[in-house]
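>>> Structure here, sequence nowhere to be found:
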C-alpha cells in the first residue's frame, strides 16, 4: 500500500497504538491519533514522544479528518462494529489491525498461534524452541509484545513467533504465516463476536492466506477443528491427547509420540516436563508439531521441552503458607481455561472465581469441580450468575467477597494443611483490574504477605 501523501489514523492510545505510531515514525509515514475516550488528556498523552508532535482527536471523530486518511489502524481492544469504525469503512478507507500493519513491514518467516486457550504457553514454548535453533527470533503478539514494536528490526533471516487473538484476526487482511496452529475453540468473547459461528470463522481465518506448501497444526479432539482440517488445501498436522494417530502427534500413557505412517516415535515422557496437566501436554504437542514442521531437529525440541517452565499467571505455583499452597491461574479468563486449572489441582481446593461478564456459561466449569473444590469464593460482576449456576448443579459451598483480598482472606481462614488456594476466575479481569496480569500480580503479592 502506498501511503505517500496520506496520513494514517491510529485508533486507540494504548500499548498497541503507541507501537504502531513508533513503527510509522521510523518509516517516515504521517499519522494522527484518535481515541473515543474524551476523558483522556492531550497534555498527558503528549508526554510520550510518539504523540508529542502529532494531531490528537478525543471523543467524537470529525468526518473531515478522513479526507486525507489513507489507512486506519485499530488497536485490538477496539470493536470493529463501532459506529465510528463503520463511518471510516463507508469512506472506503482500509482498516488494519496493529498485527496487519506490522506484517506489511516485517521480513523473514512467521509462525502464528491462535485458539481459545493455551496460546501463551504454546507461543512461549515455541519461541524458546526456535531461539535454541535460530539466531534471530522474535516472540510477539497477544503475549504482550506488539508485533509493530519489532517489525522494523526484522531481516530476511528473522523467525517470528506470534500469539494471535481473535480480536487481532478480525482486522487481518494479508497476514500470512508459513506455519499456523489453532489449538482449540470453545465459547469466549461472545460479547464481542456475538455468535459462536462468527467467533469460529474469525479463529479459522488465520489460515486464509496460507498456500499449499504451508502447514496448519490442529487439535484432532476438537470437533470443529477436525472438520475444518478436512477442508484445507494446505498440509494439516493433527495432535491428539486421547487417541493414537496414524500421522501426527499423540499422547498415550505418560508419553508423547510423533507418528508417521502408523510408526510411532517416542518424543518425551511427560514426567520429564515441568508443566502440569493434560491441556499442557496438548500445548507441548502443538509447539513440537510446529517446530518439527519448520525443520527444527527433534533433539533440539526435546531438550527445550524438558527445560520449559510454566508461564506466569497460568497455573503458576506461588507460595506455601502453613501447609496451604497458592496457585495463580489469572489467565484462566474463560470457563474452558478454568476447567484446566481445576483439573491440574492435586489437593482439596479453595477456588476464587468471577469477574467481568463475557456472556459465558459456567455449567461445564462447575461440573469439573468433581469433588475437588471445598469452597467457591466469588468476586466481580458475574458472582451472582455463577452462584446460581453452581447451586443448579448442587454445589452450595459458596461465599461472596467484594475484593480479591477479601476472597483470599476467606480462603486462608478456612483452609487447612494439605489444601490449595487457586485463583482461576473463568472470567476477564476488567472492571476490577486493568488486565489479568495485574490481577495475578495482586494475588501473588497478597499470598506472599499473608502471615503464617
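Arrived safely, thanks for sending. What you see is a predicted model; the values in this text were computed from it and never measured.
>>> Just confirm residue 374 is within a strand.
Yes - assigned with DSSP: H, G, I helix; E, B strand; the rest coil, residue 374 falls within a strand.
>>> Just to check, it is in contact with residue 398?
No - applying Cβ atoms under 8 Å, one finds residue 374 not in contact with residue 398, separated by 11.3 Å. Glycine gets a C-beta too; all of them are placed from N, C-alpha and C.
>>> Show me whatever sits in contact with both of those two.
Here residue 374 and residue 398 have no joint contacts, going by Cβ atoms under 8 Å, 6 or more residues apart in numbering.
>>> More neighbours: these two, which one.
When neighbours are counted by other Cβ atoms under 10 Å, residue 374 and residue 398 differ, and residue 374 comes out ahead with 19 against 16.
>>> which residue packs closest to that one, ignoring adjacent ones?
Counting by Cβ to Cβ, 6 or more residues apart in numbering, residue 348 is the residue found nearest to residue 374 once chain neighbours are left out, at 5.0 Å.
>>> Residue 48 too?
Residue 48 sits nearest to residue 18 (Cβ to Cβ, 6+ apart), 6.5 Å away.
>>> could you pull out the helices for the stretch 351-452 of the chain?
Using DSSP state H, counting those that start in this stretch, the helices of the stretch 351-452 of the chain run over residues 363-367, 383-392, 404-414, 436-449.
>>> is it true that the residue nearest to residue 374 touches residue 372?
Yes - using Cβ under 8 Å, residue 348 is in contact with residue 372, at 6.6 Å.
>>> quick one on the thing from earlier: give me the phi and psi for the residue nearest to residue 374.
Main-chain dihedrals, residue 348, degrees, to the nearest 10: phi -60, psi 140.
>>> residue contacts, it?
372, 374, 418-420.
>>> Compile those into CSV and extend it with columns for pLDDT and distance to residue 216.
CSV is the format used below for those (pLDDT from 0 to 100; distance: Cβ to Cβ, whole Å):
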residue, pLDDT, distance to residue 216
372, 95, 35
374, 98, 42
418, 97, 44
419, 97, 42
420, 97, 37
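>>> Secondary structure element holding the residue nearest to residue 6 when sequence neighbours are not counted?
Leaving aside its sequence neighbours, residue 6 sits nearest to residue 70 (Cβ to Cβ, 6+ apart; 2.8 Å). In this structure, residue 70 is located in strand 69-74 according to DSSP states H and E.
>>> ranges for the strands of the stretch 51-200 of the chain?
56-58, 69-74, 95-97, 109-114, 137-141, 159-163, 179-182 (DSSP state E, counting those that start in this stretch).
>>> Please produce TSV containing those strands, extended by distance to residue 6, mean neighbour count and mean pLDDT.
Listed next are the strands of the stretch 51-200 of the chain as TSV, based on distance: least, Cβ to Cβ, whole Å; neighbours: other Cβ atoms under 10 Å; pLDDT from 0 to 100:
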stretch	distance to residue 6	mean neighbour count	mean pLDDT
strand 56-58	17	17	96
strand 69-74	3	23	95
strand 95-97	13	24	94
strand 109-114	26	26	97
strand 137-141	26	23	95
strand 159-163	27	27	97
strand 179-182	31	28	97
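>>> among these, which is nearest residue 22?
Closest approach to residue 22 among the strands of the stretch 51-200 of the chain is made by strand 69-74 (12.0 Å; Cβ to Cβ).
>>> counting contacts, what elements does that closest one pack onto?
Packing partners of strand 69-74 (3 or more Cβ pairs under 8 Å, 6 or more residues apart in numbering; DSSP states H and E): strand 7-11, helix 83-90, strand 95-97, helix 98-105.
>>> hmm, who's touching the shortest one?
With Cβ under 8 Å, 6+ apart as the test, strand 95-97 has contacts from 71-76, 80, 85, 88-89, 104, 167-168, 170-173.
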